[in-house]
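1. 3D model of this:
(chains A and B)
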Amino acid sequence: MDMGSISPELLLASLMVAATPILLAALGELVVERAGVLNLGVEGMMITGAICGFAVAVNSGSPAFGFVAAAGGGAVLALLFAALTQVALANQVASGLALTLFGLGLSSLLGQGYVGIKPPPVARLDIPLLGDIPFLGRVLFSHDLMVYFGLALVGLIWWMLKYSRAGLILRAVGENHDAAHALGYKVVRIRVAAILFGGACAGLGGAYISLIRVPQWTEGMTAGAGWIALALVVFASWKAGRVLLGAWLFGGVTVLQLNLQAAGFAIPVEYLSMSPYLITILVLVIMAGDKSRAPASLGRIFHASQ
Amino acid sequence: MKAASHCRRHRHCATEEGESTCRPPSGDNRVTTPLLSISGLTKAYPGVVANDAVSFDIIEGEVHALLGENGAGKSTLVKMIYGLVKPDSGAMTLHGAPYTPPDPHAARKAGVAMVFQHFSLFEAMSVAENVALGMEEPPRLRDLATRIREVSETYGLPLDPGRIVGDLSAGERQRVEIIRCLLQEPRLLIMDEPTSVLTPQEVEILFQTLRKLSAEGVAILYISHKLEEIRSLCDQATILRQGRNVGTCLPRETSAREMAEMMVGSSFAAPERAPRAPGEVALEITGLSVASPSAFGTALKDIHLSVQAGEILGLGGVAGNGQDELLAALSGELPSDAEAIRLHGTAVGRFGPTARRGLGLLAAPEERLGHAAAPDMSLTENAFLTGAQRENLTARGFIRWGAARAFARAIIERFDVRTPGPDVAARALSGGNLQKFVIGREVLQRPRVLVVNQPTWGVDAAAAAAIRQALLDLAANGAAILCISQDLDELMEISDRFGALNEGRLSEIRPAQDLNVEEIGLMMGGAHGMEVAHV
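-> Residues are numbered from 1 along each chain as shown, chains lettered A, B, ... in the order given. Alright, predicted model coming up:
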């Protein structure tokens, strides 16, 4: 065992990268759930985004196109969910589970020709001056654009939910859809928009795994990240800031356990592999002990009767 | 009858010259241009015509009552005025111009505001956020908070803009709705059953606010079941029955009884009270304190009461002051200290609902669909659910379907439940019919103690009278009845003694006969800090 081989600088830097996919997916799901919809299809939308992004990036040679396609792919799958739950008034839990299974199958079908291919590399931002700060420069200022996009999205969603009129209406729809309808807000339209946004974010998260974090395509490569994102939203009490904290925690423990495995730490690998899930859930459960609660209309079917 | 001459059938109004005979007396110095004119509004839903060619006018500064039984089409009509429902045919004019609001935003822009019967509020949000959601172009939240304070003080409805609505009492929630409307300076204010959750003192203050608004020229369309309130507040009344405008009257000159009969379309018998002698104590509650299972519920604090056999104890109070919790604690859904509840001397506080039913303590909760009855199950199954034990509807663990169906039929027959048969799903019954069924189901099980919460909520006058009569008969046969209700007239009609719940505490219990409205209001918590309008 050699603990000295674990560098805190590298550890923190790779934490930011490891946290980004679940951060993006969880932020999308946060907006969806704040609008009162429970979409359990995050895993399916992530993996669909992963293959759509991968395929387009390989064929076009541009990772940027890849990410756009990933967001589009996730949103298209989410549109299916929206049609089922908002128009056909199907059960949200069942539709979400079906979406995950469908997404997993669809992605392996689409990905058959892409196994073993390397995607075009994504450039890291080289921020002059800031990137040269010792330690912090390496940890904070030497990542790709998507890491910063994720961080910006946290701020944007927090601001929108707290201060903007659009955020207020979104929360109102999630809190009491009958009252929102009575006041004249278009509940179904707002929810469909939220679901599409959630799908696009999940798609981006998936593509981040296949294009940057791994980077290659294998079947089922999201490996439960969508479920972690779902759990994260609940344990983060539907707050954007806490989602970021949870994602960093999960990313941090994931990276740490990989490092510990590499360093030959004397604990069975299985324990190390399950540790990120366990620790993240434990910490978030403790944090969720305050008064905040789920949006009151979460998962309930809305029908404008009379 | 002198009053009857003021009650004119609608057709007469239409044929007489102008409509001046239907207006307030001309000595009243009001502007008499119609603000909103409705003609021939019709709206049909599959299987039911909610509004059938309804026409009437609302004048500026007038308080206009809209009367009718449940299902008479009042809600559909005001939803059309507020832009929530599109009429199939007919026309409206506002200020003389055609008025066809496609949605509530357009209605609000045109100066129409509405206070909803079931609050359109968001519990987890602050007062200011709730108000902002009901406005078209709300100012920034900080400026809005200032304006909420100003308006709320002007009209004597104190309100803290920063508080979370879920923590407010029912009366305070209604202030939020009213202030949301007032901030938009409406020309027409629609109020759907606004006083059902207020104490008499709060009602009086609300009326002063409304009179003030009406003096400023705001027209008010006022929906209520409470005929005495309408008599004291409204200038004009339009009565709907089965979607049709069946007449107008001047409420001040028409008796409540006459208005009720116009609503129902026939006369009905008022419940009669047979003399009865209270016996031994059947139910005794001492020091009952339980926490509420729901986040925004009310905990019960140190409740003491006793009900004798053959007696009806009425418990009033504004909704959300512990009524649901008290029912749950008595039915056995919410366990308490064993000694806190005694049934004929047996401590039952720890018993579940089945054990309590076995001992003769039965309960009928307020929420018909989902609590008192399982909506998607048939009436037979619903009858079985609470009656299995006392009516011997099982044999060696199997359901005796024949007996269950016979029990359901007996309820349907005895309580005049209008339904094709016992195999119909509970959901398919109208509110009044299902209420008769769930009350009848408990009454027929010969309870020794019956606890009911809101036994006639949302039930038409004839059905309500039948249910009250059943409760009186049950008491006359020696059962002890605890009746929780927000309908004070009902409680005065049937109860021997009266108490009120206020924030989970029970007031002193007093004989019902010598109470006046003023005293009852104080028992319910008085005006809860409301004041008379200052302008």
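
2. so residue A:251 sits in a helix?
-> Yes - looking at residue A:251 with DSSP: H, G, I helix; E, B strand; the rest coil, it is inside a helix.

3. ok, how many other residues are close to it?
-> 23 (other CB atoms under 10 Å in any protein chain shown). Bear in mind the C-beta positions are built from the backbone N, C-alpha and C, glycine included.

4. now the residue in chain B that chain A sits nearest to, nearest residue through space, not along the chain?
-> Residue of chain B nearest chain A, by CB to the nearest CB: residue B:104 (3.2 Å). Distance criterion CB to CB, 6 or more residues apart in numbering or on different chains; nearest residue to residue B:104, sequence neighbours excluded, is residue A:184 at 3.2 Å.

5. Residue B:76 is in contact with residue B:48, isn't it?
-> No - the criterion here is CB atoms under 8 Å, and residue B:76 misses it with residue B:48 at 9.8 Å.

6. Are there residues contacting both of the two? Which ones?
-> residue B:243 (CB atoms under 8 Å, 6 or more residues apart in numbering or on different chains).

7. ok now do residue B:190, which residues does it touch?
-> B:78, B:81, B:82, B:112, B:113, B:114, B:115, B:220, B:221, B:223.

8. mind checking the SS state of it?
-> Strictly by three-state DSSP, residue B:190 counts as strand.

9. From residue B:177, how far off is the closest residue to chain B within the stretch 51-200 of chain A?
-> The nearest approach of the stretch 51-200 of chain A to chain B comes at residue A:184, 3.2 Å away (CB to the nearest CB). Separation of residue A:184 from residue B:177 (CB to CB, to the nearest Å): 15 Å.

10. if we can go back for a sec, okay, residue B:76 and residue B:48: which has more neighbours?
-> The neighbour count for residue B:76 versus residue B:48, taken as other CB under 10 Å, is higher for residue B:76 (24 against 12).

11. Name the helix or strand for the more buried one, please.
-> Per DSSP states H and E: residue B:76 is located in helix B:74-81.

12. how many neighbours does residue B:421 have?
-> 12.

13. pLDDT below threshold where in the stretch 251-400 of chain B?
-> B:267-268, B:274 (pLDDT under 70).

14. what residues are up against the residue nearest to residue B:104?
-> B:83, B:84, B:103, B:104, B:105, B:107, B:108.

15. Out of these, flag the one nearest to residue B:512.
-> Nearest to residue B:512 among these, counting by CB to CB, is residue B:84 at 40.6 Å.

16. and chain B, which residues reach chain A?
-> B:45, B:50, B:75-76, B:79, B:83-85, B:103-105, B:107-108, B:116, B:118-125, B:129, B:132-134, B:138, B:295 (CB under 8 Å from any CB of the partner chain).

17. what's the domain layout of chain B?
-> Following automatic domain parsing, one gets these domains for chain B: B:3-19+B:33-111+B:186-264, B:281-523.

18. Just put the ones you listed in JSON lines and tack on distance to residue A:58.
-> What follows is the domains of chain B, written out as JSON lines (distance: least, CB to CB, whole Å):
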{"stretch": "domain B:3-19+B:33-111+B:186-264", "distance to residue A:58": "48"}
{"stretch": "domain B:281-523", "distance to residue A:58": "51"}
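
19. got the contact list for stretch A:113-120?
-> Applying CB under 8 Å, 6+ apart, the external contacts of stretch A:113-120 come out as A:51, A:54-55, A:57-58, A:61-63, A:66, A:210-211, A:215-219.

20. picking up where we left off before, which ones among the residues of chain B next to chain A are found in helices?
-> Among the residues of chain B next to chain A, DSSP state H puts B:75, B:76, B:79, B:104, B:105, B:107, B:108, B:129, B:132, B:133 in helices.

21. Would you confirm that residue A:261 contacts residue A:268?
-> No - contact between residue A:261 and residue A:268 fails when scored by CB under 8 Å: they sit 10.2 Å apart.

22. These two: which is more packed in?
-> Higher neighbour count among residue A:261 and residue A:268: residue A:261, with 13 against 8, using other CB under 10 Å.

23. Distance of that one relative to chain B?
-> With the distance defined as CB to the nearest CB, to the nearest Å, residue A:261 ends up 44 Å from chain B.

24. Is that residue in a helix, a strand, or coil?
-> helix.

25. do residue A:45 as well
-> Going by three-state DSSP: residue A:45 is helix.

26. wait, what's in contact with it?
-> Residue A:45 touches A:25, A:74, A:77, A:78, A:99, A:103, A:198, A:199, A:202, A:203, A:206, A:226, counting by CB under 8 Å, 6+ apart.

27. all helices for the stretch 351-500 of chain B, in order.
-> Taking DSSP state H, counting those that start in this stretch, the helices of the stretch 351-500 of chain B run over residues B:353-359, B:379-387, B:401-414, B:431-443, B:461-476, B:488-494.

28. What residues sit buried inside the first one?
-> For helix B:353-359, burial by neighbour count (16 or more other CB atoms under 10 Å in any protein chain shown) applies to B:353, B:356, B:357.

29. Just the closest of those residues to residue A:88, please.
-> Closest to residue A:88, out of all of those and judged by CB to CB, is residue B:353, at 38.0 Å.

30. Pull the contacting residues for the closest residue to the closest one other than its chain neighbours.
-> In space, and not counting its chain neighbours, residue B:353 is closest to residue B:332: 3.8 Å by CB to CB, 6+ apart. Residue B:332 makes contacts with B:348, B:351, B:352, B:353, B:354, B:355, B:356, B:361, B:363, as judged by CB under 8 Å, 6+ apart.
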